[in-house]
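Peer 1: Model the structure of this input:
(chains A, B, C and D)
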Amino acid sequence: MSAFNPGAFFFYLLAGVTVISAAGVALARNILYSAFALLGTLAGVAGLYLFLGADFLGVAQLLIYIGGILVLILFAVLLTNRIGEVRISNVSSGLIVGAPPAVAVMALCVRVALRTPWPLTEAVPAPTTARLGEAFLQELLLPFEFVSLVLLMALVGAMVIARRAAKEKGVR
Amino acid sequence: MLDNAHSLRAFLPELIVAGTVLAVLFVDLLARRPHVGRAAALTAVGLVAAGAATVMTMRADGYGLFFGLIARDPLADFFKLLFLATNLLVVLISLRAREATDESAAEFFALTLTTTAGMMLMASATDLLTAFLSLETVSIMSYVLAGFRRRSRESAEAALKYVIYGGVASGVMLYGMSLLYGLAGSTSFTAVRLACAHTPAAATVLLAVVLCLAGFGYKIASVPFHMWCPDVYQGAPTPVTAFLSVGPKAAGFALLVRFFGGSLPAELVGAPAPWPILLGLIAAATMTVGNLAALAQTNLKRLLAYSSIAHAGYVLLALCAGGSDGTRAILLYLVTYLFMNLGAFLVIIAVADAGIGEEIAEWRGLGRRAPWAAVAMAIFLFSLTGLPPLAGFFGKFYVFAALLARGGSLMVTLAVIGILNSAVSLYFYARVLKAMYFEAPTVDEPLPLARLHAATLALLAVPTVALFLVWSPLQRFVDSSLGQWYPAEMRPRSAQLDRSVKRSSVQLANTSATK
Amino acid sequence: MIIGLSHFLVVSAILFGLGLLTVATRRNAVAILMGVELILNAAALNFVAFSHYVEGAVTGMVFALFIIVLAAAEAAIALAIVLAIFRHFHSIDANDVSTLKD
Amino acid sequence: MGWLRYIVLLPLVGAAINGIVGAPLERRFGRRVITVVAVGVMLAAAALAIAAAVTLAARPEHDRQIVDRLFTMISLGRVHVDFALALDPLSTIMILVITVVGALIHAYSAGYMADDPSYWRYFAYLNLFVFSMLLLVLGDSFLTLFIGWEGVGLCSYLLIGFWYREPANARAGMKAFIVNRVGDFGFLAGVALLFWGLAGSWSVIDHRYYADYPRLVPTLDLRLVHDQLAVAPFAQAFAAKTFLGAPLPLVVALLLFLGAAGKSAQLPLYVWLPDAMAGPTPVSALIHAATMVTAGVYLMVRLHFLFALSPAAMTVIATVGVATALFGAIVALFQYDLKRVLAYSTISQLGFMFLGAATGAWWPAMFHLVTHACFKACLFLGAGSVIHGTHTQDMREMGGLAPLMPRTRWSYLVGCWAIAGFPWAAGFYSKDEILARAYERSPLLWLAGAVAAMLTSFYMFRSYYLTFEGRAASEEQRHAVHESPRSMTWVLLALAAASIVVGPLVGLPELWSGREPLLARWLAPVTAGALTATPERRGLELALMFASLVVATVGWIAARLLYKDLRAREGALATLRSRLGGVPALVLDGFRVDALYDATFVRAFGATARTAAWFDVHVVDGVIAALGALARAAAFITAAIDHYLVDGAVNGVADLLLGAGRALRRVQTGRINNYVLGVAMGVVMLIVLTSWL
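Peer 2: Next comes the predicted model:
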C-alpha cells in the first residue's frame, strides 16, 4: 500500500488538525490560544463532515459554530478579562485526578469503536442538501418547528439573564 | 402511525401550550407595563385548555405521530396531565414570589410553559432524536429559570453550574445515543431494541446505555450524575426549585420508562441483560447517597434537594423491578411525590414570604407561630417519609410490592436497602419537625400566612391525606394509563431496518409477549 | 489504505476524551464551555460517520444538525450566564464560583 | 356488620372536634365541653365494644367473627387489600381493655389535667391515640394494623413530649420515636419477607390445591395468611424457604419480634420506656402501661401460627422475655422515682407476657395482659394521685401518706397485692399460669421467672412502704398533702376492684373450678391448634402455685422488714446501739431498781435486742450493703446500656450515618470541575461494576 492515497492523506490531515487542536483546547496556557485551537478543531470537524459527504452539514458547522458560537466565546473571553492583558490565564488544576477517568472513558470508546461489528452498508450519495430539506418538510417537520420555539425562548432567556446583569451594573 | 397533517389533531395539547407561550410574550410586549396577574392568568388558561384538549383527544389505544417520532398513548397522556398540573401549581406558587416574577413575569411564565412543552414531548418520545431534542429543551429552559433570581450570587452560580453540568451530561448522552444509532442504523427506539437484541457486541450496548444514562440520570438527579442538584436547588429561586424537583424529574422517568421498556430488550443474546443490575446499582447508590447527605444539612432547600435525590432512587427501584407492576409503581409514586414535594417547597415559600429564612434553625417554634403551615409541613414530611396514613406510604408500598412480586435475591436485597433508607430518611425529616414543634422560637409573635399560600397549601395537603383513604380512583386511572402500551411502531425509512425486522419478527413477538 | 468507519470513531473518541479532560480540569468557565463543545462535536461526528457508513441515509446528519443548533442556543445562554457570574463574582474561575457546597 | 367501624371512628371524631375546634370551644364554653366530648366518645365506644363482645359471645364458637369492610385500599393484580375491621375473640379482649381502661383514664385525666393550659390538645391526642390503638387491634390486614401501629407511635411521641418546653421531655419523645423506628424497620422488613415468602410458595404447591383452596392468593390479610398457612403443603413450602441462608420462618419471626420488642420495650429496645415517663401520668398509665406497650404481645398472639413455625425463634423470644422480666425487676429495685419504678415494672411484666407467648402459653399471655392492664393502670393512676398531691416524684420525699390519702393508699395497696401475685388478686392467676407453662418448657425458665416474681413483690412493696407508711418527710408536707378530688379517686377504686375481680372471673384455674378457665375457652377459636394441652399433673401444679405464694410472701416480708418505717428504723437502731453501750455502766451505778429492771427487762430485752442488733448489723445491713452494691452494679449496667446501647446503638448508628453524610458533603466541593469529573468517573464505575456483578 505504498501508493499515495489522496483520501487517506486528507483524512489524516483533517484528523490531525482536529485532534492536535483539541489537545490545544485542553492544555493551552492562554485562553485565547484555547479559543483559536477550538477554531482549528471545529474547522477540522467541518472538513471531516465534507469528507463524509455531508456537504450541508460541513457548511452549517462553519457558519453556526465558527461564525456564531466561537465568536460568542471570544466575546465572553474578552468581556471577562481586561483587554490587553498579556497572558490571559487559563489554569488547569487536578490533571492527575482528572486525566485518568477521561482517558479511561476514551479508551472504552476506542475499544468499542474498533471491536464492534458495525452493520455497514453502502454509502449515502453525495449532495445531501436537497434530501435534508425534503426530510425537514416531511418526516422531520415536528423537530424542525419545535426547535424554532426553543431557539426563540433561548433568545428570550439569554436576554433576561444578560439584561439583568446589565441592570445590576447600572444599579451599582 | 400518522403523517404530519393527520398528527396535528392529536398534537393539540402541545400546540396549545406553544401558542400560550407566544401569547404570553406578545401580550406582555403590547401592554405598556408588565403585570404578574395577567401573565399568570393567561398561562393558567393555556394550561387548563391544554389539559382539556388532552382529555378530549384521549384514546385508549396508542399510535405514532409525525411518522413515528413521538407516540400518543395513555402513558403519554398521564404524564402530560401530570406536567400540566405541576406547571399550574407552580404558577400559583410563584404568584407572590417576587424573587421569580418581579418585572419579568411574562418571561418567567413563558419559560415554564416551554419547559412543560418540552416535558410533554419527552414523555411521548419514541425516537432518539425527539428524546434528545425535548430533553435539551427542558434543560436549556431550566438553566435560565435557575438563574432567574435578581441580585443573587447564588442564583447565578446555580445557573452556571447547571449549564456546564447539563452541557457535559447531554454531550455524554449524545455520544451514547450515537453508538446506539450506529448499532441500529436508525434512531427509532424499536429499531434500537431490535439491533441491541441481535448484536453480539454486548459491551458496546452496555457502554452506550451507560453513556445515555448520564443524560437521563442527570435529568432525574440520580447518583453518580446528581452532583449539580443540591447546588442548583439551593441557589435557584424556590418556585423554580419546586418546579425542577417535580416536573423534569417525572419527565426523565417517562423517558426512562420508554427507553428501557420500548428501546432495550429484556435480554441480550446469549446472556441475561445487565439492566436490572445496572439500574439496581444506581437506585441503591442514589437512595443511600441522597439520604445520608441529607442528614448533615442545615439548609432546608438543600435538605429537600438531597431528599429529592433519594426519592429518585425509590422510583428507580420501581424501574428496576420493571414490568407492569414496576411501571405502575413509578406512575403512582410520581403522583404522590408531586403533591408532597411541591407542598414542602410551598411551605418554605409561604414562610419565607412572611419573613423566615431557609435555615432549619430559623424554623424553631414554627408550630406555635404558624400552626397551619407547620401542620402542612408535618403532613408533607411524614408523607415523604412514607408513613401512613398519607399518600407517600402507598407510593413506597407499590415500589416495594413490585420488587417483592418480581422476587429473586437482587430485588429482595434492593427492597431491604430501600426500607433501611426510609428509616434513615425519617431522621432528617424529624429534625425539621423537632425544630418546628419542640424548640422554642426566638420571637413569639404569630406569623400570618398570605391567603393565597394558605389556599394553595390546602390544595396540596388535602390530596396528600385524602389519596391514602381514597386510593382506588387514582389506581384505576394509572392502570388505564398502562392498559395500552404504544407498541412503538417502526419508521420504514431505513432499508437496513427492514432487513432486521424480517430477520427478527419472531423475537419481537416474544419480547412484546413477555412485556 | 481505505479510510473506514473506525477511523472516524477513533477520532471522535479522542475528541470526546479531550473534551472530558477539558471540562474536568479547566478552571476558567469559558474554557470549560469549550470542552463541552468538544464533546458535542465528538458526538456529532459519530452521528455523521454512522449516517454515512451504517444507515446510508441522512438521519444521522439531521441529528448532527440539531446538535449544532441546540449547542448554539445553549452557548448563548451559557455565555449570558458567564457574564452575570462575572458581574457578581468579578471572576469566572470555577474555584471562586463555589460558594454553594457541602 | 356495619357498626364495628363506629367503635373506631368515635374516638377519631372526638379527636377531630377537640383538635380542630378545641381552642375556640374552650374559649367560648369552657373546659367542660372538651371533657364531655372526649369522655363522651370514649364511653360510647366502650358501650359499643361491650355490645360487640356480647354479640360475639352469643354466636356459636366457630362463627365468632365479625368483619366490617370500609373500602378498598389496594387492588394490585391478584393482591387485594380492603380497609377492613375484623372482630374475633382476641380483638374483643383488646378492645374491651382499650375502651374500658381508656374511658376510665380519660375521666381521671379531666381532674389531673384540669390546670393545664393545653387542655384541648391533650384530649385530642388522647382520643387520637385510642383511635389508632383500636385500629391496630381491629385491623384486618397487615396494612391496617401498621397504620394503627404507626399512629400509636406518633401519639405516644406527641404525648411524651406534651410538655415540650422542657428540653428533656422533647428529648425523651425523640428517643421513643427513634427507638420505635428500629422496631418498625423490623416489622416492615418482616412483613415484606413474609409476603415474599408466601408469594414464592404458590408455585411450589400442587395445582390441585388451588381447587380446594381458592383463596390461595397473595395477600396481606391477617386471617387469610392464617388460613393459608393452615394448608399443610403450603406451610411446608413456606417453611422450607431460606433467606440469606437462614430459614425464612425464623427470619420473619425474629424481624416481627424486633417490631414487637420495640413497641413492647423488650431488651434491648426497652430504653425509651423509662424516659417516656416524662409525659403526663395518665398517659403513662394508658399508653405506657395498659395498652400501647402490649401491642407487641398482641402481635405475637395474633400471629401465633407464624411464630409456631419456628421453634428456634420461640426459644430466642422466651429467653429475651425472661431476661427482660429479670432485668426490669432488678433495675426497679433501686429507683427512687415512683414512676420509674412502675416503668421498669412494666418492662418486667411485659417480659413475663413474652415469656408466656414464647412458651406457647397464648391465653395466659393474654390473661396477664388483661390483668396487668387493670393493676398497672391502677398503680400508675395511684402514683399520679400521689404526685398530684405531693408535687414530687421522688419517694424519698414522701412517706406517711397513708392517713392523708386513704383512697389512694388502699387502691395502691390492692395494686401491689395484684402485681405481687397474692391469692385472689388478678396477678396471682395470670403470672402463675405463665410460670407453670414456663416450667413445662424448662425449669430454668421457671426459676428465672420465679426470681423475677420475688423481686417484683419486693420492689412493689418497697415503693408502697416508702410512699405511704412510715413518717412523713417533713411537717410542711403533712399539711400540704391532700387527697385527690373524687373525680380521680373513684377511678382508682374502680381499677382496684377490677384488679381483684378480673383474675378469678376470667382465669380461675381448672384445678379449682374443674373446668377450663373462661378466657382459655374464649380464645380457643383463635389459638386453636396452637394451644398446648395442659398435662394432668395436679401435684406439680399445686406445688408451683405454692412456690409462687412463697415467692411473693418472701418478697413482701423482706420489703416490710427493710422499708416498713425507714426513718423510724434508722432512729431505733441508733438509740439501741447507744443503749447497749450504756448497760454495764448502769449496773455499776448500783441503782437497784435499775438493776432489777436491768435483770429482768433490760437483760431480756438486751438479749433479744442483741440478737436483733446482730441480725440488724450483720444480716439486714449486709443485705442493705449487698443491695447497695447491687444497686450500683445495676445503675452501672443501666447506665452502660443506656450509654453504649441507646446512645451507643442509636447514637452510634446515627454517628455512623452522620459521618457518612459529612463525608459525602466533602465530595460536594462546590467546584464544577469535580462535578463533571464525577460524570466520567461514574460512567467508568458503572460499567466496571455492572460487568463485574
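
Peer 1: Look at residue D:343 and say how many residues are nearby.
Peer 2: Residue D:343 sits with 27 neighbouring residues when counted by other Cβ atoms under 10 Å in any protein chain shown. Where you see a C-beta, it was placed from the backbone N, CA and C, and this is true even at glycine.

Peer 1: I'd guess it is in a helix, am I close?
Peer 2: Yes. Going by DSSP: H, G, I helix; E, B strand; the rest coil, the assignment for residue D:343 places it inside a helix.

Peer 1: what separates it from residue B:11, distance-wise?
Peer 2: The spacing between residue D:343 and residue B:11, counted by Cβ to Cβ, to the nearest Å, is 68 Å.

Peer 1: same deal with residue B:122?
Peer 2: Here the distance between residue B:122 and residue B:11 works out to 15 Å (Cβ to Cβ).

Peer 1: The closest residue to chain B within chain A: what's its closest spatial neighbour, skipping adjacent residues?
Peer 2: Ranked by Cβ to the nearest Cβ, the top residue of chain A for proximity to chain B is residue A:157, at 3.3 Å. Spatial nearest neighbour of residue A:157, excluding adjacent residues (Cβ to Cβ, 6 or more residues apart in numbering or on different chains): residue B:144 at 3.3 Å.

Peer 1: residues contacting the one you found?
Peer 2: By Cβ atoms under 8 Å, 6 or more residues apart in numbering or on different chains, residue B:144 lies in contact with A:154, A:157-158, A:160-161, B:111, B:159, C:77.

Peer 1: host element of it?
Peer 2: With the criterion set as DSSP states H and E, the secondary-structure element containing residue B:144 is helix B:128-146.

Peer 1: Can you give the distance from that helix to the centre of its chain?
Peer 2: Its chain's average C-alpha position is 13 Å from that of helix B:128-146, according to Cα atoms, centre = their mean, to the nearest Å.

Peer 1: my guess is residue D:438 contacts residue D:355, does it?
Peer 2: Yes. Judged on Cβ atoms under 8 Å, residue D:438 makes contact with residue D:355 at a distance of 5.8 Å.

Peer 1: give me the element residue D:266 is part of.
Peer 2: Remark: residue D:266 resides in no helix or strand, with elements defined by DSSP H and E.

Peer 1: What residues does chain D have near chain A?
Peer 2: With Cβ under 8 Å from any Cβ of the partner chain as the criterion, chain D meets chain A at residues D:673-674, D:677, D:680-681, D:683-684, D:687.

Peer 1: Quick check: helices, which of those are part of them?
Peer 2: Secondary structure assignment by DSSP state H places D:673-674, D:677, D:680-681, D:683-684, D:687 of these in helices.

Peer 1: Closest one of the residues you listed to residue B:242?
Peer 2: Within the set of these, residue D:674 lies nearest residue B:242; the separation is 27.0 Å, counting by Cβ to Cβ.

Peer 1: any idea how far the closest one lies from residue B:236?
Peer 2: The spacing between residue D:674 and residue B:236, counted by Cβ to Cβ, is 20 Å.

Peer 1: higher neighbour count, those two?
Peer 2: In this comparison of residue D:674 against residue B:236, neighbours counted by other Cβ under 10 Å, the higher total goes to residue B:236 at 30 against 20.

Peer 1: Please identify the helix or strand for the nearest residue to residue B:305 once chain neighbours are set aside.
Peer 2: Nearest non-adjacent residue to residue B:305, counting by Cβ to Cβ, 6+ apart: residue B:233, 3.5 Å away. Here residue B:233 sits within helix B:228-235, counting by DSSP H and E.

Peer 1: Would you pull up how far that helix lies from the middle of the chain?
Peer 2: With Cα atoms, centre = their mean as the basis, the distance from the averaged C-alpha position of helix B:228-235 to the chain average is 16 Å.

Peer 1: Which strands and helices lie in contact with that helix?
Peer 2: Using 3 or more Cβ pairs under 8 Å, 6 or more residues apart in numbering or on different chains; DSSP states H and E as the contact criterion, the neighbours of helix B:228-235 among helices and strands are helix B:153-184, helix B:238-262, helix B:300-321.

Peer 1: next helix or strand past the first one?
Peer 2: Spelled out, it's helix B:153-184. Scanning forward in sequence from helix B:153-184, with DSSP H and E defining helices and strands, the next element found is helix B:189-198.

Peer 1: I'd like the C-alpha coordinates of that following helix written as PDB, please.
Peer 2: Once side chains and other backbone atoms are set aside, the C-alpha atoms of helix B:189-198 remain, and they are given as PDB (Å, rounded to 0.1, in the frame of the first residue of the first chain):
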ATOM      1  CA  PHE B 189     -36.500   3.100  19.800                       C
ATOM      2  CA  THR B 190     -37.900   0.000  18.200                       C
ATOM      3  CA  ALA B 191     -35.100  -0.300  15.700                       C
ATOM      4  CA  VAL B 192     -32.600   0.200  18.500                       C
ATOM      5  CA  ARG B 193     -34.300  -2.500  20.500                       C
ATOM      6  CA  LEU B 194     -34.000  -5.000  17.700                       C
ATOM      7  CA  ALA B 195     -30.400  -4.100  17.000                       C
ATOM      8  CA  CYS B 196     -29.400  -4.500  20.600                       C
ATOM      9  CA  ALA B 197     -31.100  -7.800  20.700                       C
ATOM     10  CA  HIS B 198     -29.100  -9.100  17.800                       C
END
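
Peer 1: how far off helix B:228-235 does the helix or strand following that helix point, in degrees?
Peer 2: Helices and strands here follow DSSP H and E; after helix B:189-198, the next one along the chain is helix B:202-220. Counting by axes from the mean of the first three to the mean of the last three Cα atoms, to 10 degrees, helix B:202-220 points 10 degrees away from the direction of helix B:228-235.

Peer 1: for helix B:202-220, which positions count as buried?
Peer 2: When burial is assessed from 16 or more other Cβ atoms under 10 Å in any protein chain shown, helix B:202-220 yields the following buried residues: B:202, B:204-220.

Peer 1: what do you get for stretch D:10-26?
Peer 2: Taking 16+ other Cβ under 10 Å as the neighbour-count basis, stretch D:10-26 is seen to contain the buried residues D:10-19, D:22-23, D:25-26.

Peer 1: again, but for stretch C:47-62
Peer 2: Of the residues in stretch C:47-62, C:47-62 count as buried by neighbour count, 16+ other Cβ under 10 Å.
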